[in-house]
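A.B. asks: only geometry, no sequence info:
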(Lines give C-alpha, C1' and ligand atoms only; values in the text may rest on other atoms or scores of the structure.)
Protein backbone atom coordinates (compact mmCIF):
# COMPACT_ATOMS: atom_id res chain seq x y z
CA UNK A 1 0.00 0.00 0.00
CA UNK A 2 1.29 3.47 -0.93
CA UNK A 3 -0.19 6.20 1.23
CA UNK A 4 0.45 9.45 3.04
CA UNK A 5 -2.22 8.67 5.64
CA UNK A 6 -0.10 7.61 8.59
CA UNK A 7 -3.05 6.16 10.48
CA UNK A 8 -3.81 3.77 7.63
CA UNK A 9 -0.16 2.81 7.18
CA UNK A 10 0.41 1.98 10.84
CA UNK A 11 -2.91 0.12 10.98
CA UNK A 12 -2.09 -2.36 8.21
CA UNK A 13 1.67 -2.55 7.66
CA UNK A 14 4.21 -5.02 9.06
CA UNK A 15 7.14 -3.27 7.39
CA UNK A 16 7.47 0.35 6.30
CA UNK A 17 9.61 1.92 3.58
CA UNK A 18 9.87 5.73 3.44
CA UNK A 19 10.70 7.42 0.13
CA UNK A 20 11.78 11.01 -0.38
CA UNK A 21 12.86 12.61 -3.66
CA UNK A 22 12.61 9.16 -5.23
CA UNK A 23 15.09 7.63 -2.81
CA UNK A 24 14.61 5.23 0.08
CA UNK A 25 15.50 7.06 3.29
CA UNK A 26 14.34 4.43 5.81
CA UNK A 27 12.93 0.93 5.97
CA UNK A 28 12.23 -1.61 8.64
CA UNK A 29 9.65 -3.18 10.91
CA UNK A 30 6.60 -1.00 11.57
CA UNK A 31 7.26 -1.25 15.31
CA UNK A 32 10.46 0.72 14.75
CA UNK A 33 8.58 3.80 13.53
CA UNK A 34 6.08 6.23 15.01
CA UNK A 35 4.13 9.12 13.45
CA UNK A 36 6.69 11.75 14.44
CA UNK A 37 9.67 9.89 12.99
CA UNK A 38 7.70 9.08 9.81
CA UNK A 39 6.81 12.75 9.24
CA UNK A 40 10.42 13.79 9.87
CA UNK A 41 11.68 11.22 7.38
CA UNK A 42 9.21 12.23 4.69
CA UNK A 43 9.90 15.95 5.09
CA UNK A 44 13.63 16.11 5.84
CA UNK A 45 15.03 12.68 5.03
CA UNK A 46 16.23 12.10 8.59
CA UNK A 47 14.72 11.43 11.99
CA UNK A 48 15.68 12.73 15.43
CA UNK A 49 15.19 9.18 16.74
CA UNK A 50 18.39 7.22 16.94
CA UNK A 51 18.82 4.53 14.33
CA UNK A 52 15.88 5.58 12.18
CA UNK A 53 16.40 6.91 8.64
CA UNK A 54 19.46 7.54 6.55
CA UNK A 55 20.64 9.69 3.70
CA UNK A 56 19.29 12.97 2.31
CA UNK A 57 19.82 14.45 5.75
CA UNK A 58 18.72 18.00 6.26
CA UNK A 59 17.56 18.70 2.71
CA UNK A 60 14.40 20.86 3.01
CA UNK A 61 13.48 21.93 -0.50
CA UNK A 62 9.93 21.31 -1.75
CA UNK A 63 9.50 17.62 -2.51
CA UNK A 64 6.97 14.83 -2.59
CA UNK A 65 7.32 11.96 -0.17
CA UNK A 66 5.60 8.63 0.21
CA UNK A 67 5.27 5.73 2.62
CA UNK A 68 4.98 2.14 1.50
CA UNK A 69 3.13 -0.12 3.92
CA UNK A 70 4.06 -3.75 3.29
CA UNK A 71 1.75 -6.49 4.53
CA UNK A 72 3.60 -9.79 4.72
CA UNK A 73 0.68 -12.15 5.31
CA UNK A 74 -1.07 -13.57 2.28
CA UNK A 75 -4.82 -12.98 2.00
CA UNK A 76 -6.75 -15.89 3.51
CA UNK A 77 -9.01 -18.07 1.46
CA UNK A 78 -12.21 -16.45 0.31
CA UNK A 79 -10.48 -13.27 -0.86
CA UNK A 80 -10.69 -11.41 2.48
CA UNK A 81 -7.43 -9.73 3.38
CA UNK A 82 -5.93 -9.66 6.85
CA UNK A 83 -6.19 -5.88 6.53
CA UNK A 84 -9.79 -6.05 7.69
CA UNK A 85 -9.02 -7.06 11.22
CA UNK A 86 -6.08 -4.70 11.43
CA UNK A 87 -8.11 -1.71 10.30
CA UNK A 88 -10.76 -2.23 12.93
CA UNK A 89 -8.46 -1.55 15.89
CA UNK A 90 -7.72 1.99 17.06
CA UNK A 91 -7.59 3.49 20.52
CA UNK A 92 -8.10 7.05 21.70
CA UNK A 93 -4.33 7.34 22.00
CA UNK A 94 -3.79 6.20 18.41
CA UNK A 95 -6.39 8.65 17.14
CA UNK A 96 -4.92 11.54 19.14
CA UNK A 97 -1.43 10.69 17.91
CA UNK A 98 -2.60 10.65 14.30
CA UNK A 99 -4.46 13.94 14.77
CA UNK A 100 -1.40 15.58 16.28
CA UNK A 101 0.75 14.30 13.41
CA UNK A 102 -1.61 15.90 10.91
CA UNK A 103 -1.54 19.20 12.82
CA UNK A 104 2.27 19.12 12.88
CA UNK A 105 2.26 18.50 9.14
CA UNK A 106 0.10 21.60 8.57
CA UNK A 107 -3.30 19.89 8.30
CA UNK A 108 -4.97 21.86 11.10
CA UNK A 109 -8.39 21.88 9.39
CA UNK A 110 -10.92 24.25 10.95
CA UNK A 111 -9.04 24.47 14.26
CA UNK A 112 -7.57 27.96 13.61
CA UNK A 113 -10.91 29.55 12.70
CA UNK A 114 -12.68 27.91 15.65
CA UNK A 115 -10.03 29.21 18.03
CA UNK A 116 -10.20 32.61 16.33
CA UNK A 117 -13.98 32.79 16.72
CA UNK A 118 -13.67 31.90 20.41
CA UNK A 119 -11.01 34.59 20.88
CA UNK A 120 -13.11 37.23 19.13
CA UNK A 121 -16.16 36.30 21.22
CA UNK A 122 -14.12 36.56 24.41
CA UNK A 123 -12.71 39.98 23.50
CA UNK A 124 -16.06 41.52 22.56
CA UNK A 125 -17.86 39.96 25.52
CA UNK A 126 -15.28 41.49 27.85
CA UNK A 127 -15.98 44.89 26.29
CA UNK A 128 -19.77 44.57 26.09
CA UNK A 129 -21.78 42.07 28.13
CA UNK A 130 -24.53 41.99 25.49
CA UNK A 131 -22.34 40.41 22.80
CA UNK A 132 -23.14 36.82 23.82
CA UNK A 133 -26.76 37.53 24.71
CA UNK A 134 -29.29 35.33 22.85
CA UNK A 135 -30.76 38.28 20.98
CA UNK A 136 -27.42 39.52 19.72
CA UNK A 137 -26.19 36.05 18.80
CA UNK A 138 -29.29 35.42 16.69
CA UNK A 139 -28.89 38.81 15.03
CA UNK A 140 -25.23 38.06 14.38
CA UNK A 141 -25.96 34.71 12.75
CA UNK A 142 -28.78 36.09 10.61
CA UNK A 143 -26.51 38.93 9.53
CA UNK A 144 -23.73 36.48 8.70
CA UNK A 145 -26.02 34.16 6.73
CA UNK A 146 -25.63 36.29 3.60
CA UNK A 147 -21.83 36.02 3.81
CA UNK A 148 -22.10 32.29 4.49
CA UNK A 149 -24.32 31.58 1.50
CA UNK A 150 -22.39 33.65 -1.03
CA UNK A 151 -19.15 32.37 0.51
CA UNK A 152 -20.19 28.76 -0.11
CA UNK A 153 -20.54 29.70 -3.77
CA UNK A 154 -17.13 31.37 -3.78
CA UNK A 155 -15.57 28.18 -2.37
CA UNK A 156 -16.30 26.33 -5.64
CA UNK A 157 -14.25 28.91 -7.52
CA UNK A 158 -11.43 29.15 -4.97
CA UNK A 159 -10.90 25.38 -5.01
CA UNK A 160 -10.15 25.70 -8.73
CA UNK A 161 -7.50 28.31 -7.96
CA UNK A 162 -9.70 31.03 -9.51
CA UNK A 163 -11.60 33.97 -8.00
CA UNK A 164 -15.00 35.56 -8.64
CA UNK A 165 -15.18 39.26 -7.77
CA UNK A 166 -18.65 39.68 -9.24
CA UNK A 167 -20.63 37.53 -6.79
CA UNK A 168 -21.70 40.53 -4.72
CA UNK A 169 -23.58 42.13 -7.60
CA UNK A 170 -24.63 38.72 -8.96
CA UNK A 171 -26.42 38.41 -5.62
CA UNK A 172 -27.88 41.86 -6.16
CA UNK A 173 -29.20 40.86 -9.59
CA UNK A 174 -30.85 37.80 -8.05
CA UNK A 175 -32.47 39.88 -5.32
CA UNK A 176 -33.69 42.44 -7.88
CA UNK A 177 -35.25 39.84 -10.18
CA UNK A 178 -37.05 38.05 -7.34
CA UNK A 179 -38.34 41.38 -5.99
CA UNK A 180 -39.60 42.59 -9.36
CA UNK A 181 -41.39 39.32 -10.13
CA UNK A 182 -43.49 39.41 -6.95
CA UNK A 183 -44.68 42.98 -7.52
CA UNK A 184 -48.49 43.32 -7.82
CA UNK A 185 -48.34 44.13 -11.54
CA UNK A 186 -46.48 40.85 -12.23
CA UNK A 187 -47.68 38.72 -9.30
CA UNK A 188 -45.52 35.65 -9.73
CA UNK A 189 -45.68 33.05 -6.94
CA UNK A 190 -42.81 33.48 -4.48
CA UNK A 191 -41.27 30.12 -5.36
CA UNK A 192 -41.34 30.85 -9.10
CA UNK A 193 -39.77 34.27 -8.54
CA UNK A 194 -36.93 32.76 -6.52
CA UNK A 195 -36.43 29.97 -9.08
CA UNK A 196 -36.22 32.55 -11.89
CA UNK A 197 -33.71 34.59 -9.88
CA UNK A 198 -31.50 31.55 -9.28
CA UNK A 199 -31.73 30.55 -12.94
CA UNK A 200 -30.67 34.05 -13.99
CA UNK A 201 -27.68 34.17 -11.64
CA UNK A 202 -26.67 30.66 -12.72
CA UNK A 203 -26.74 31.91 -16.32
CA UNK A 204 -24.49 34.82 -15.36
CA UNK A 205 -22.08 32.33 -13.86
CA UNK A 206 -22.21 30.25 -17.04
CA UNK A 207 -21.38 33.27 -19.21
CA UNK A 208 -18.41 34.27 -17.07
CA UNK A 209 -17.25 30.68 -16.71
CA UNK A 210 -17.35 30.20 -20.47
CA UNK A 211 -15.30 33.34 -21.08
CA UNK A 212 -12.72 32.16 -18.57
CA UNK A 213 -12.51 28.56 -19.71
CA UNK A 214 -13.18 28.74 -23.45
CA UNK A 215 -11.27 31.94 -24.21
CA UNK A 216 -8.76 31.40 -21.38
CA UNK A 217 -9.26 34.89 -19.98
CA UNK A 218 -8.08 35.61 -16.42
CA UNK A 219 -10.88 35.10 -13.91
CA UNK A 220 -9.79 38.23 -12.04
CA UNK A 221 -10.34 40.43 -15.12
CA UNK A 222 -13.56 38.75 -16.27
CA UNK A 223 -15.24 38.88 -12.87
CA UNK A 224 -14.00 42.43 -12.20
CA UNK A 225 -15.73 43.41 -15.43
CA UNK A 226 -18.74 41.47 -14.18
CA UNK A 227 -18.72 43.42 -10.92
CA UNK A 228 -18.95 46.70 -12.84
CA UNK A 229 -21.36 45.46 -15.48
CA UNK A 230 -23.78 43.76 -13.10
CA UNK A 231 -23.82 46.84 -10.88
CA UNK A 232 -24.90 48.87 -13.88
CA UNK A 233 -27.51 46.28 -14.85
CA UNK A 234 -28.90 46.31 -11.33
CA UNK A 235 -29.23 50.10 -11.39
CA UNK A 236 -30.92 49.88 -14.76
CA UNK A 237 -33.43 47.31 -13.49
CA UNK A 238 -34.28 49.28 -10.36
CA UNK A 239 -34.72 52.54 -12.25
CA UNK A 240 -34.57 56.04 -10.88
CA UNK A 241 -36.81 55.23 -7.92
CA UNK A 242 -33.90 53.44 -6.30
CA UNK A 243 -35.83 51.25 -3.86
CA UNK A 244 -38.44 48.54 -4.44
CA UNK A 245 -40.23 47.03 -1.41
CA UNK A 246 -41.03 43.31 -1.30
CA UNK A 247 -44.79 42.78 -0.95
CA UNK A 248 -44.56 38.99 -0.53
CA UNK A 249 -44.55 37.93 3.12
CA UNK A 250 -43.05 34.50 2.43
CA UNK A 251 -39.93 36.02 0.88
CA UNK A 252 -39.71 38.55 3.71
CA UNK A 253 -39.89 35.70 6.23
CA UNK A 254 -36.87 33.90 4.76
CA UNK A 255 -34.63 36.07 6.94
CA UNK A 256 -37.14 37.69 9.29
CA UNK A 257 -39.54 34.82 10.04
CA UNK A 258 -39.09 32.23 12.77
CA UNK A 259 -40.14 28.63 13.34
CA UNK A 260 -42.25 27.62 16.30
CA UNK A 261 -40.32 26.35 19.34
CA UNK A 262 -41.57 22.81 18.68
CA UNK A 263 -40.58 22.93 15.02
CA UNK A 264 -37.09 24.03 16.05
CA UNK A 265 -36.69 21.02 18.36
CA UNK A 266 -37.97 18.63 15.70
CA UNK A 267 -35.63 20.05 13.06
CA UNK A 268 -32.54 19.81 15.27
CA UNK A 269 -33.44 16.32 16.49
CA UNK A 270 -33.78 15.14 12.91
CA UNK A 271 -30.44 16.69 11.97
CA UNK A 272 -28.65 15.05 14.91
CA UNK A 273 -30.17 11.65 14.16
CA UNK A 274 -29.17 11.95 10.50
CA UNK A 275 -25.63 12.98 11.49
CA UNK A 276 -25.34 10.05 13.88
CA UNK A 277 -26.49 7.62 11.20
CA UNK A 278 -24.02 8.98 8.64
CA UNK A 279 -20.91 8.80 10.83
CA UNK A 280 -21.82 5.40 12.30
CA UNK A 281 -22.29 3.93 8.81
CA UNK A 282 -19.13 5.65 7.54
CA UNK A 283 -16.98 4.31 10.37
CA UNK A 284 -18.53 0.86 9.93
CA UNK A 285 -17.69 0.84 6.23
CA UNK A 286 -14.09 1.79 6.96
CA UNK A 287 -13.69 -1.00 9.50
CA UNK A 288 -15.26 -3.56 7.16
CA UNK A 289 -12.91 -2.39 4.39
CA UNK A 290 -9.88 -2.79 6.62
CA UNK A 291 -9.21 0.96 6.92
CA UNK A 292 -8.48 2.77 10.16
CA UNK A 293 -11.53 4.33 11.82
CA UNK A 294 -12.06 6.36 14.99
CA UNK A 295 -12.71 4.31 18.14
CA UNK A 296 -16.44 3.77 18.88
CA UNK A 297 -16.13 5.87 22.01
CA UNK A 298 -14.95 8.85 19.98
CA UNK A 299 -17.84 8.41 17.55
CA UNK A 300 -20.23 8.46 20.51
CA UNK A 301 -18.59 11.66 21.81
CA UNK A 302 -19.02 13.32 18.39
CA UNK A 303 -22.71 12.47 18.36
CA UNK A 304 -23.09 13.71 21.94
CA UNK A 305 -21.30 16.97 21.07
CA UNK A 306 -23.58 17.49 18.06
CA UNK A 307 -26.65 16.85 20.24
CA UNK A 308 -25.47 19.31 22.90
CA UNK A 309 -24.67 21.97 20.29
CA UNK A 310 -28.10 21.53 18.73
CA UNK A 311 -29.82 21.79 22.08
CA UNK A 312 -27.91 24.98 22.94
CA UNK A 313 -28.86 26.49 19.57
CA UNK A 314 -32.55 25.70 20.02
CA UNK A 315 -32.59 27.02 23.60
CA UNK A 316 -30.98 30.28 22.46
CA UNK A 317 -33.42 30.57 19.56
CA UNK A 318 -36.44 30.00 21.81
CA UNK A 319 -35.46 32.70 24.30
CA UNK A 320 -37.74 35.73 24.03
CA UNK A 321 -35.75 38.31 22.08
CA UNK A 322 -38.50 40.92 21.98
CA UNK A 323 -40.08 43.18 24.59
CA UNK A 324 -43.05 42.67 26.89
CA UNK A 325 -45.60 44.02 24.41
CA UNK A 326 -43.99 42.36 21.38
CA UNK A 327 -42.54 38.95 22.28
CA UNK A 328 -40.29 37.38 19.67
CA UNK A 329 -38.68 33.93 19.73
CA UNK A 330 -38.01 30.85 17.61
CA UNK A 331 -35.39 29.64 15.17
CA UNK A 332 -35.01 31.97 12.14
CA UNK A 333 -36.00 30.40 8.84
CA UNK A 334 -32.61 31.24 7.39
CA UNK A 335 -30.83 28.76 9.71
CA UNK A 336 -32.25 25.63 8.05
CA UNK A 337 -31.73 27.28 4.65
CA UNK A 338 -28.01 27.76 5.31
CA UNK A 339 -27.76 24.28 6.81
CA UNK A 340 -29.49 22.75 3.79
CA UNK A 341 -27.14 24.46 1.34
CA UNK A 342 -24.17 23.38 3.48
CA UNK A 343 -25.27 19.73 3.37
CA UNK A 344 -26.05 19.83 -0.35
CA UNK A 345 -22.78 21.45 -1.43
CA UNK A 346 -20.73 19.32 0.98
CA UNK A 347 -22.24 16.24 -0.65
CA UNK A 348 -21.56 17.58 -4.15
CA UNK A 349 -17.91 18.31 -3.40
CA UNK A 350 -17.22 15.31 -1.21
CA UNK A 351 -19.32 12.50 -2.68
CA UNK A 352 -19.67 13.09 -6.41
CA UNK A 353 -17.40 12.71 -9.43
CA UNK A 354 -17.86 16.40 -10.19
CA UNK A 355 -16.58 17.32 -6.74
CA UNK A 356 -13.54 15.08 -7.10
CA UNK A 357 -12.79 16.68 -10.46
CA UNK A 358 -13.01 20.17 -8.94
CA UNK A 359 -10.41 19.26 -6.31
CA UNK A 360 -8.27 17.52 -8.93
CA UNK A 361 -8.20 20.61 -11.14
CA UNK A 362 -7.40 22.82 -8.18
CA UNK A 363 -4.56 20.52 -7.15
CA UNK A 364 -3.06 20.18 -10.62
CA UNK A 365 -4.97 21.18 -13.74
CA UNK A 366 -2.45 19.54 -16.07
CA UNK A 367 -2.62 16.24 -14.18
CA UNK A 368 -6.42 16.35 -14.28
CA UNK A 369 -6.35 17.05 -18.02
CA UNK A 370 -4.03 14.11 -18.64
CA UNK A 371 -6.40 11.93 -16.62
CA UNK A 372 -9.20 12.77 -19.03
CA UNK A 373 -11.07 15.42 -17.03
CA UNK A 374 -12.98 17.97 -19.13
CA UNK A 375 -11.44 21.09 -17.57
CA UNK A 376 -13.63 23.59 -19.42
CA UNK A 377 -16.88 21.87 -18.46
CA UNK A 378 -16.00 21.40 -14.79
CA UNK A 379 -14.73 24.95 -14.40
CA UNK A 380 -17.81 26.40 -16.07
CA UNK A 381 -20.12 24.34 -13.87
CA UNK A 382 -18.26 25.59 -10.78
CA UNK A 383 -18.95 29.20 -11.81
CA UNK A 384 -22.58 28.27 -12.48
CA UNK A 385 -23.00 26.87 -8.96
CA UNK A 386 -21.22 29.90 -7.51
CA UNK A 387 -23.60 32.25 -9.31
CA UNK A 388 -26.70 30.30 -8.31
CA UNK A 389 -25.64 30.23 -4.64
CA UNK A 390 -24.91 33.94 -4.73
CA UNK A 391 -28.42 34.51 -6.09
CA UNK A 392 -29.89 32.78 -3.05
CA UNK A 393 -27.68 34.92 -0.80
CA UNK A 394 -29.02 38.02 -2.53
CA UNK A 395 -32.62 36.96 -1.92
CA UNK A 396 -31.83 36.49 1.77
CA UNK A 397 -30.21 39.94 1.86
CA UNK A 398 -33.32 41.53 0.37
CA UNK A 399 -35.50 39.53 2.76
CA UNK A 400 -33.67 41.02 5.77
CA UNK A 401 -34.45 44.55 4.53
CA UNK A 402 -37.86 43.72 3.02
CA UNK A 403 -36.67 45.57 -0.08
CA UNK A 404 -33.87 46.01 -2.60
CA UNK A 405 -32.31 49.31 -3.61
CA UNK A 406 -29.50 50.87 -5.62
CA UNK A 407 -27.62 51.39 -2.34
CA UNK A 408 -26.82 47.65 -2.38
CA UNK A 409 -23.04 47.54 -1.89
CA UNK A 410 -22.04 44.44 -3.79
CA UNK A 411 -18.39 45.49 -3.90
CA UNK A 412 -18.02 45.44 -0.13
CA UNK A 413 -20.05 42.25 0.13
CA UNK A 414 -17.79 40.31 -2.24
CA UNK A 415 -14.71 41.42 -0.31
CA UNK A 416 -16.31 40.13 2.88
CA UNK A 417 -17.25 36.94 1.05
CA UNK A 418 -13.71 36.22 -0.11
CA UNK A 419 -12.51 36.99 3.41
CA UNK A 420 -15.18 34.64 4.76
CA UNK A 421 -13.99 31.69 2.68
CA UNK A 422 -10.26 32.26 3.26
CA UNK A 423 -10.60 32.95 6.98
CA UNK A 424 -12.63 29.76 7.27
CA UNK A 425 -9.85 27.66 5.73
CA UNK A 426 -10.25 27.69 1.92
CA UNK A 427 -7.04 28.29 -0.02
CA UNK A 428 -6.52 31.12 -2.47
CA UNK A 429 -4.08 28.85 -4.30
CA UNK A 430 -6.67 26.18 -5.10
CA UNK A 431 -7.07 22.55 -4.17
CA UNK A 432 -8.39 23.09 -0.64
CA UNK A 433 -11.74 24.28 0.66
CA UNK A 434 -15.12 23.12 1.91
CA UNK A 435 -18.53 24.79 2.24
CA UNK A 436 -18.11 24.51 6.02
CA UNK A 437 -15.17 26.90 5.75
CA UNK A 438 -17.47 29.62 4.43
CA UNK A 439 -19.95 29.05 7.25
CA UNK A 440 -17.30 29.28 9.95
CA UNK A 441 -15.65 32.26 8.29
CA UNK A 442 -19.04 33.93 8.03
CA UNK A 443 -19.45 33.64 11.79
CA UNK A 444 -16.06 35.31 12.30
CA UNK A 445 -16.77 38.16 9.85
CA UNK A 446 -20.25 38.75 11.26
CA UNK A 447 -18.83 38.64 14.79
CA UNK A 448 -16.28 41.34 13.95
CA UNK A 449 -18.84 43.60 12.28
CA UNK A 450 -21.45 43.03 14.99
CA UNK A 451 -19.03 43.40 17.90
CA UNK A 452 -17.56 46.64 16.62
CA UNK A 453 -21.03 48.03 16.02
CA UNK A 454 -21.92 47.23 19.64
CA UNK A 455 -18.82 49.12 20.77
CA UNK A 456 -19.80 52.08 18.61
CA UNK A 457 -16.64 51.94 16.50
CA UNK A 458 -16.73 53.63 13.08
CA UNK A 459 -16.95 51.70 9.82
CA UNK A 460 -13.35 52.58 9.01
CA UNK A 461 -12.12 50.67 12.06
CA UNK A 462 -14.34 47.70 11.16
CA UNK A 463 -12.82 47.53 7.68
CA UNK A 464 -9.27 47.75 9.00
CA UNK A 465 -9.91 45.04 11.60
CA UNK A 466 -11.41 42.76 8.95
CA UNK A 467 -8.38 43.42 6.73
CA UNK A 468 -6.05 42.44 9.57
CA UNK A 469 -7.95 39.19 10.15
CA UNK A 470 -7.90 38.44 6.40
CA UNK A 471 -4.13 39.02 6.22
CA UNK A 472 -3.64 36.69 9.17
CA UNK A 473 -5.75 34.02 7.45
CA UNK A 474 -3.80 34.36 4.19
CA UNK A 475 -0.53 34.10 6.11
CA UNK A 476 -1.72 30.86 7.68
CA UNK A 477 -2.79 29.64 4.23
CA UNK A 478 0.66 30.34 2.77
CA UNK A 479 2.46 28.67 5.68
CA UNK A 480 0.24 25.59 5.49
CA UNK A 481 0.76 25.40 1.73
CA UNK A 482 4.55 25.55 2.08
CA UNK A 483 4.56 22.87 4.76
CA UNK A 484 2.10 20.80 2.77
CA UNK A 485 4.47 20.60 -0.19
CA UNK A 486 6.89 18.54 1.89
CA UNK A 487 4.73 17.07 4.63
CA UNK A 488 1.30 16.41 3.17
CA UNK A 489 1.83 15.34 -0.43
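C.D. replies: Now that the structure is in, tell me what you want to look at. Keep in mind the model is a prediction, meaning the values are calculated, not measured.

A.B. asks: what's the domain layout of the chain?
C.D. replies: Annotated domains of the chain cover 2-87, 111-257+332-487, 262-326 [automatic domain parsing].

A.B. asks: could you pull out the strands for the stretch 1-150 of the chain?
C.D. replies: Taking DSSP state E, counting those that start in this stretch, the strands of the stretch 1-150 of the chain run over residues 2-3, 15-20, 23-29, 65-70.

A.B. asks: want to try JSON lines for the ones you listed, with mean pLDDT as columns?
C.D. replies: Listed next are those as JSON lines, based on pLDDT from 0 to 100:
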{"stretch": "strand 2-3", "mean pLDDT": "81"}
{"stretch": "strand 15-20", "mean pLDDT": "85"}
{"stretch": "strand 23-29", "mean pLDDT": "84"}
{"stretch": "strand 65-70", "mean pLDDT": "53"}
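
A.B. asks: highest average neighbour count across the ones you listed?
C.D. replies: The highest mean neighbour count among the strands of the stretch 1-150 of the chain, using mean count of other C-beta atoms under 10 Å, belongs to strand 15-20: a mean of 20. C-beta here means a position set from N, CA and C on the backbone, and glycine is covered the same way.

A.B. asks: Could you spell out the sheet neighbours of that strand, each with its direction?
C.D. replies: strand 23-29 (antiparallel), strand 65-70 (antiparallel) (DSSP bridges).

A.B. asks: quick one: least confident helix or strand in the protein?
C.D. replies: Of all the helices and strands that make up the chain, helix 83-87 has the lowest average by mean pLDDT, DSSP states H and E, namely a mean of 40.

A.B. asks: Determine which of the domains of the chain approaches residue 93 most closely.
C.D. replies: The closest of the domains of the chain to residue 93 is domain 262-326. By C-beta to C-beta, the value is 9.4 Å.

A.B. asks: Now distance to residue 229 too, for the strands of the stretch 1-150 of the chain, in CSV please.
C.D. replies: Output for the strands of the stretch 1-150 of the chain, formatted as CSV (distance: least, C-beta to C-beta, whole Å):
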stretch, distance to residue 229
strand 2-3, 48
strand 15-20, 50
strand 23-29, 54
strand 65-70, 47
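
A.B. asks: for these, which one sits closest to residue 319?
C.D. replies: For these, proximity to residue 319 was assessed by C-beta to C-beta; strand 2-3 is nearest, at 48.5 Å.

A.B. asks: Note down every partner strand of the closest one and its orientation.
C.D. replies: Sheet pairing for strand 2-3, assigned by DSSP bridges, gives strand 65-70 (antiparallel).

A.B. asks: Can you tell me which of the domains of the chain is nearest to residue 96?
C.D. replies: Closest among the domains of the chain, using C-beta to C-beta: domain 262-326, at 9.3 Å.

A.B. asks: The strand or helix carrying residue 273: which residues count as buried?
C.D. replies: In this structure, residue 273 sits in helix 261-288 according to DSSP states H and E. Using 16 or more other C-beta atoms under 10 Å as the test for burial, helix 261-288 gives 264, 265, 267, 268, 271, 272, 275, 276, 279, 283, 286, 287.

A.B. asks: which helices and strands sit right next to it?
C.D. replies: Helix 261-288 is packed against helix 83-87, helix 296-318, with contacts defined by 3 or more C-beta pairs under 8 Å, 6 or more residues apart in numbering; DSSP states H and E.

A.B. asks: which of those sits most buried?
C.D. replies: Mean neighbour count, computed with mean count of other C-beta under 10 Å, is highest for helix 83-87 among the helices and strands packed on helix 261-288, reaching a mean of 18.
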